[in-house]
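1. using only what follows, build the 3D model:
(chains A, B, C and D)
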4 protein chains.
Amino acid sequence: MNDTINVGIIGGSGYTGGELMRLLLNHPYANVVAATSRRLAGKDICDTHTHLRGFLDMKFEDLSPDKIKDRCDVVFVAVPHGTSMNIVPQLLDGNTKVIDLSADYRLKTDVFEQVYNMRHTNPIDAVFGLVELHPEVTGEMFISNPGCYPTGAILSAAPLVAAGTVKSAIFDSKSGISGAGVNPSITSHYPNLAENIQAYKLTTHRHRAEIFQELNYLDNELTNISFTPHVIPSVRGILTTAHIFIKSIVSMDELRSIYTDFYKDKPFVRIIDGIPSLNAVRGSNFCDIGFEVDELNNRVVVVSAIDNLVKGASGQAIQNMNLMCGFDETEGLWMAAVAP
Amino acid sequence: MNDTINVGIIGGSGYTGGELMRLLLNHPYANVVAATSRRLAGKDICDTHTHLRGFLDMKFEDLSPDKIKDRCDVVFVAVPHGTSMNIVPQLLDGNTKVIDLSADYRLKTDVFEQVYNMRHTNPIDAVFGLVELHPEVTGEMFISNPGCYPTGAILSAAPLVAAGTVKSAIFDSKSGISGAGVNPSITSHYPNLAENIQAYKLTTHRHRAEIFQELNYLDNELTNISFTPHVIPSVRGILTTAHIFIKSIVSMDELRSIYTDFYKDKPFVRIIDGIPSLNAVRGSNFCDIGFEVDELNNRVVVVSAIDNLVKGASGQAIQNMNLMCGFDETEGLWMAAVAP
Amino acid sequence: MNDTINVGIIGGSGYTGGELMRLLLNHPYANVVAATSRRLAGKDICDTHTHLRGFLDMKFEDLSPDKIKDRCDVVFVAVPHGTSMNIVPQLLDGNTKVIDLSADYRLKTDVFEQVYNMRHTNPIDAVFGLVELHPEVTGEMFISNPGCYPTGAILSAAPLVAAGTVKSAIFDSKSGISGAGVNPSITSHYPNLAENIQAYKLTTHRHRAEIFQELNYLDNELTNISFTPHVIPSVRGILTTAHIFIKSIVSMDELRSIYTDFYKDKPFVRIIDGIPSLNAVRGSNFCDIGFEVDELNNRVVVVSAIDNLVKGASGQAIQNMNLMCGFDETEGLWMAAVAP
Amino acid sequence: MNDTINVGIIGGSGYTGGELMRLLLNHPYANVVAATSRRLAGKDICDTHTHLRGFLDMKFEDLSPDKIKDRCDVVFVAVPHGTSMNIVPQLLDGNTKVIDLSADYRLKTDVFEQVYNMRHTNPIDAVFGLVELHPEVTGEMFISNPGCYPTGAILSAAPLVAAGTVKSAIFDSKSGISGAGVNPSITSHYPNLAENIQAYKLTTHRHRAEIFQELNYLDNELTNISFTPHVIPSVRGILTTAHIFIKSIVSMDELRSIYTDFYKDKPFVRIIDGIPSLNAVRGSNFCDIGFEVDELNNRVVVVSAIDNLVKGASGQAIQNMNLMCGFDETEGLWMAAVAP
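-> This next block holds a predicted model:
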């Protein structure tokens, strides 16, 4: 039996903040005791996250990092990149565990500064919290939570890359629009997105750097990595189609072995027969993976499906929290997707 | 602490069957021990309900009512109308609790025969399992679970009808397409439904009879009740716009009192400020209700929102099970909706 | 053979402006010679209306009413209500024909001021340009184009109302979101609208006044008229479900006669067997109408379907232009819907 | 001034048949005089294609090839692959022009037999009717109309391939579901497709052979060509993301020159700044193309957007007809897309 921990959320009004609350309501050992929003301070949380009515009787607060860390054992930081770096260092006092959902601590400082085109004012080393690749999350005090696209892309290719067989990889990803946040925009305007698909940042999306970092970490000879994102008419989910060119052809059986071995103790990765779809992971922390071999072109096509707000953000953050706190990895997260 | 019960599902391959399983996985005292499907007998349940992969290691079976009741304390019957009446009587042995999700036992026999245009071969009295109106569910052995449209429609109007103030009511309902089931049809064909809304059975939908029965039960002078359904481009959810003409005008404050009083101990009905939407109830057992007064026409417009597969079917069935078995009404159902 | 006319559009950057251009491109006698936008003056029109690339080589201009009327035989005013009243009077010089798509001239001045809660600074009498009811459009110099909801609602009920048989009518309308315009908003944010339906202004929508005015004009004893709008996950289209309570029951044959007689020379109204759907009118100027009789409640349910941007706005405006200019009513508008 | 021609459609009840009729209604020189459907013979065409009500007063017929060719100058064959090869030879009498929309005559016979896994019973040489690559369509009597995916894929890559600069190309395509036809299926079932994206035939889709044939025709050293299709929650449209690896890097200016030069007299290809989207081509015969250079990986990402039912099927077929008959290439097709 575990002790109960107090949890705070900095930046509680967005989709990842709301999703952290929804998921933590199911967690047997975690209590959300504070959620901040400068803009909505004093307002009922459930006026914003109306689906939580009846579950949370709390208001948003405008709390300094000092104040929130006094009340919390664990703090999630769910603010935009560039903002997080000014908050995280104030939270890290040796007692409070911190999970940063922004991009500020995912990349090496020099890479970050180049990719995000800004100075990093407070560099600190952090473990990249993709627990399937980084079991060293366990017991850490500070974790940087991966980006949504990198989560699906890296998991789709990691077993082959780790096996040293990959020559180049193209990740063609299709995301639901919730990844763009709660604020209305041209892209999220219903008439623009419905019945459409929008490719964007064809060659320049910042998440490529995370994908590169992690795959290159598994095989430092692999450098030819491309990434192109799209948004589709869907709220949640990222489907990544990974076109992976390999050094020598593998059979489906070998491929299956490589993937099931690599993920054998990873409860949230499901290797499936057939092709994953978003419907089987929506609302859940799973990453479903399926594949086919294209002998003609020495290509393996791997498809991964995640819920961008769960495994791609808040669920994965709680998975990190569980390991940091010594809980079972699946605590509070062992729920099936909602389908249809 | 409660004892654990064994649960069986007759007709496990459809959406309501899948939803019963998803929800019962969260129930602390219920174990699904059998799910039948004649067509899929012997097949892994998770090949059909792919979102349950990792949670259920079971196969569909082709079981007679006798066989399934031997293994179960509670049996849900999730088969089409006309089929259920040939199964239910074989299950009712005094030991097994039965919840029928079909239409076969919702209406008085003569009304059923007229509305469904078929003979009822096995009439049995059953409590209409809308627990907010029928607390007598508690302790019963056999419950007929309400239809999806009637659930949202009746709950939207019941407080006003019970107060004796209603002259006539028009229920204009908009449903997600999952209510039409797992089998592809002209209506559910994506090019036909996307970017569209399809009104159907403008004056003749069978669910009108349930709505009439229950509202007339609350006020036997009320007979002018109309119902027109639509399907919208949504998978889950029913929004009902109830146009209720009243005998004398009420204020918003009075209206609020009438509704909050009527539903004061009902955990799954939320009276809200503003107008309900499907997003706040998706995946959950809640019925959200909001309203406005139209003084000009002596009309009150009440809007209710439910998830048709949860409060409109499987969740409500489990709510019935809870009361029949002496569990807390919310056991296994106290989860927030998944939003966005 | 007709002479060619020059057409200008004040407010060309919105959806109705774009739709006017798309439709006028097909018109054999109308040339768009100017389109204004203060914000986008100097920019290529096709950078905004990307679907018109290759068809229009024009830039938005910032033109005064005086300037535009010098260049045009017909001017469409597609600006928000409250703005139009300051433009229209400057255009009306006896030579230029004007069609106002805003709400400023649809209602009697006192009604307008009450409903829109603002002073009318420039009242002028205008014909309400629903040509199926107002053939006197022909030859007029100034027409006020109807609102989108009123177009579908009025056409659904007019034949019965004109026959003097209606006791009360409830219009429950479901609209695509393009009616809310090109600017992103909370309501049009994809995660808020997808898989949802949003009722709004349950009892207070301003379009009720137009519906009332026109139906009351057909039968001045009819006053009990209710209207409740919804937005659905669709870009285009309005489906109106009219619940019409009648004085004495009619048969389907009588109903069919009433409707086909009333609309017998109206090329854009199609009385159909069965129930209309948005798919059959998308992109076109048609209003499809179908119905059923509910003998139990002395109710007729009439369903109408229009494309809100065509028959509900720009198409109808061109229909008005055709009659004002002596062209055939269908000129430039005689195109089938795009389906699926 | 051209003479009017009589046109017949074999297989008129599907989406491509309906789209041929919709588009030919706008054609100044073509009259549809016959449309066949064995199943619907004797039924009004507009009961099936309800959006054409008021435009066509014709019934489906069950006509032999002999009968239909007697009445027609041009016959479109819109039947499934494997069926067409038994019809086309009977139509080709030297007088009747034939455009086959099936796959039966797109590939060399041996390739066809291998890819479609069936014997070709009636091989005949046909020009591959992608007119942007095959101007020799002009004056032909028999044309094989390209597949929907190949149209978008080939057009996206052709200029670079023709320039001899391409090492390998991966086409990752996303299609609306109308490409799967009018018959409801598991894939087209709304709850399965909405809010989802479904990858399929990751490495084995038959359209790869057409893409290969045409690109290899432009550069016979190019063999490394991959194709993976997806269906998205959209009715119409195909967006193809072409990941093209090139021998040496090009600048954006060079790229622009290569594409604009290649397509300089092609009215239906629009090279755009920025990234194409389906909304700008829906309902029209355009192919929009945009691109970016990824210097890091010697990759060019080209995105093309078409309407699968128009440029990807029926529109392109009419474009072929125009050239075969000596009409202007754009006749009847020069319409803007319907947006939003």
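2. which ones are touching residue A:194?
-> A:233, B:195, C:190, C:194, C:233, C:234, C:235 (Cβ atoms under 8 Å, 6 or more residues apart in numbering or on different chains). All C-beta spots, glycine's among them, are computed from the backbone N, C-alpha and C.
3. pretty sure the last one is touching residue D:340, no?
-> Spelled out, it's residue C:235. Yes. With contact defined as Cβ atoms under 8 Å, residue C:235 counts as touching residue D:340 (5.2 Å).
4. so between these two, which is more surrounded?
-> residue C:235 (26 against 23; other Cβ atoms under 10 Å in any protein chain shown).
5. per-residue pLDDT, that one?
-> Note for residue C:235: predicted pLDDT of 98.
6. ok, residue A:283 - contacts?
-> Residues near residue A:283 by Cβ under 8 Å, 6+ apart: A:236, A:307, A:310, A:335, A:337, A:338, B:283, B:338.
7. please apply the same query to residue A:214.
-> A:128, A:130, A:133, A:150, A:154, A:158.
8. from residue A:164, how far out is it?
-> Per Cβ to Cβ, to the nearest Å, residue A:214 is found 15 Å from residue A:164.
9. buried ones in stretch A:249-262?
-> A:250, A:255, A:258, A:259, A:262 (16 or more other Cβ atoms under 10 Å in any protein chain shown).
10. out of those, which is nearest to chain B?
-> Nearest to chain B out of these is residue A:259 (Cβ to the nearest Cβ; 15.1 Å).
11. ok, which stretches of the stretch 201-340 of chain A are strands?
-> A:225-231, A:238-246, A:269-271, A:287-294, A:299-306 (DSSP state E, counting those that start in this stretch).
12. what about the shortest one, near chain D?
-> No. No part of strand A:269-271 sits close enough to chain D to count as contact by Cβ under 8 Å from any Cβ of the partner chain; the gap is at least 15.2 Å.
13. over to the first one?
-> Yes. Shown here: strand A:225-231 in contact with chain D (Cβ under 8 Å from any Cβ) through A:225, A:226, A:228, A:230.
14. how many degrees apart are that strand and strand D:225-231 in direction?
-> 30 degrees (axes from the mean of the first three to the mean of the last three Cα atoms, to 10 degrees).
15. and if you look at the fourth one?
-> Counting by the same axes, to 10 degrees, strand A:287-294 points 140 degrees away from the direction of strand D:225-231.
16. and the second one, by the same measure?
-> For the pair strand A:238-246 and strand D:225-231, the angle between their directions (the same axes, to 10 degrees) equals 160 degrees.
17. who are the packing partners of strand A:238-246?
-> helix A:148-162, strand A:166-175, strand A:299-306, strand D:166-175, strand D:225-231 (3 or more Cβ pairs under 8 Å, 6 or more residues apart in numbering or on different chains; DSSP states H and E).
18. chain center to the third one: distance?
-> Translated: strand A:299-306. 17 Å (Cα atoms, centre = their mean, to the nearest Å).
19. that one near chain B at all?
-> No. Strand A:299-306 stays clear of chain B (Cβ under 8 Å from any Cβ), getting no nearer than 10.5 Å.
20. could you export that strand as CSV, CA atoms only?
-> Extracted as CSV, the C-alpha positions of strand A:299-306 are listed here (Å, rounded to 0.1, in the frame of the first residue of the first chain):
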residue,chain,number,x,y,z
ARG,A,299,11.4,-1.0,-46.8
VAL,A,300,9.5,-1.7,-43.7
VAL,A,301,6.3,0.2,-43.1
VAL,A,302,5.5,0.6,-39.4
VAL,A,303,2.3,2.2,-38.2
SER,A,304,1.9,3.5,-34.7
ALA,A,305,-1.2,4.9,-33.0
ILE,A,306,-1.4,6.9,-29.8
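21. and it, anywhere near chain D?
-> Yes. Counting by Cβ under 8 Å from any Cβ, chain D is contacted by strand A:299-306 at A:299, A:301, A:303.
22. name the strands paired with that strand and say parallel or antiparallel.
-> Strand A:299-306 has the following strand partners under DSSP bridges: strand A:238-246 (antiparallel), strand A:287-294 (antiparallel).
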